[in-house]
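In: could you work out the structure for the sequence below:
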Amino acid sequence: MNELIKEIQKLKKEKNAVILAHYYQMGEIQDIADFVGDSLALAQWAAKTEADMIVMCGVHFMGETAKILCPDKKVLVPDMEAGCSLADSCPAEAFTQFIKEHPGHTVISYVNTTAAVKAVTDVVVTSTNAKQIVESFPKDEKIIFGPDRNLGNYINSITNREMVLWDGACHVHEQFSVEKIVALKTQYPDAVVLAHPECKNTVLKLADVIASTAGLLKYAMNSSQQRFIVATESGILHEMQKKCPEKTFIPAPPNDSTCACNECSFMRLNTIEKLYACLKDESPEITVDPEVAAKAIKPIKRMLEISAELGL
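Out: Reported below is the predicted structural model:
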């Protein structure tokens, strides 16, 4: 492992590459990355990097977003099969038809979508900025929100909107067990329950804090509490434990009785070995159709501009 890490560092310098990693990656990948963050932060970082090459350790749509923002840079991913169940739940053709069935609506799409879906979108959002971006539109604005119905329902509830929702979901956040979280709360009555808004409403009702991945991390760092039950992909516990070594973080379990924590199988396809091979061979490389990219860049840039204005 140490030799691989040395080789990765060497290749990175030789090729003027930057390694970006999502919080849901395995700990060893987070540790070797130049920057670790959520979807918004990774997009912001990709947009401003001066590296010639971006290695995106996350899932496919994150690599696509980086490529759309940096068309002249080579964007690599360790495993091209690292997809996203939420993005898969919203095929571009079906979503385009859905938009046609609701004329006169502004289209807001979650960043967890393909480039083709972003191309028919007015503005992209992440869980960090979704509330603020929705609220930047007039109260009577007709809005389509896709693809995550759980996030959409949550945003509707806290903004008093009635956005039309696409019926998609993340397989990880759908799987948390309400019964097991209740049992953990009984076992650890002092624990604060942290939940991502992609979770089902029944899980969100148990939460003390609902926020994006970065928001949950920030809360844990600033809180005086010592114990937390975390209802999001368990990769975030690595960074939480690094930032707060004196605190205890308990992963909320899924319905699957064989697992104690909830992992994204797509995120876990990326490994240190694949990261090394990807840098060495400069493959697999992300490409985006230029016509699609030209349309998709507009809602992504709009998100980044609104986020900058709001200080996010």
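
In: show me the contacts for the closest residue in space to M80 that isn't next to it in sequence.
Out: Once flanking residues are discounted, M80 sits nearest to P284: 4.2 Å by C-beta to C-beta, 6 or more residues apart in numbering. Every C-beta, even on glycine, is put in place using the N, C-alpha and C of the backbone. Each residue near P284 by C-beta atoms under 8 Å, 6 or more residues apart in numbering is listed here: 76-77, 79-80, 278.

In: could you dump the residues you listed to CSV with pLDDT?
Out: Converted to CSV, the contacts of P284 look like this (pLDDT from 0 to 100):
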residue, pLDDT
L76, 97
V77, 96
D79, 95
M80, 93
C278, 96
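
In: so which of those residues belong to strands?
Out: Within these, residues falling in strands by DSSP state E are L76.

In: top of the contacts of P284 by neighbour count?
Out: Most neighbours among the contacts of P284, by other C-beta atoms under 10 Å: V77, with 28 neighbours.

In: distance check, the residue nearest to it when sequence neighbours are not counted against D34.
Out: Leaving aside its chain neighbours, V77 sits nearest to G63 (4.5 Å; criterion: C-beta to C-beta, 6+ apart). Counting by C-beta to C-beta, to the nearest Å, the gap from G63 to D34 is 16 Å.

In: for these two, indicate the residue with more neighbours.
Out: G63 (28 against 15).

In: that one and C278 touch, don't they?
Out: No - in this structure, G63 is not within contact of C278 by C-beta atoms under 8 Å, at 10.8 Å.

In: shared neighbours of the two, anything?
Out: 76-77.

In: could you point out which element follows the one helix or strand K131 maps to?
Out: Taking DSSP states H and E as the definition, one finds K131 inside helix 130-135. Counting by DSSP H and E, the next helix or strand C-terminal to helix 130-135 is strand 143-146.

In: quick one: buried residues of whatever helix or strand comes next after that next one?
Out: Following strand 143-146 in sequence order, the next helix or strand is helix 149-159 (DSSP H and E). For helix 149-159, the neighbour count (16 or more other C-beta atoms under 10 Å) marks 149-156, 159 as buried.

In: so which residue is smack in the middle of the protein?
Out: For the chain, the residue nearest the mean C-alpha position is S39 (4.3 Å; C-alpha atoms, centre = their mean).

In: quick one: pLDDT of that one?
Out: pLDDT recorded at S39 is 84.

In: thinking again about what came up before, distance of the residue nearest to V77 relative to V209?
Out: Taken as C-beta to C-beta, the span from G63 to V209 is 30 Å.

In: do the same with V203
Out: On the measure of C-beta to C-beta, V203 and V209 end up 13 Å apart.
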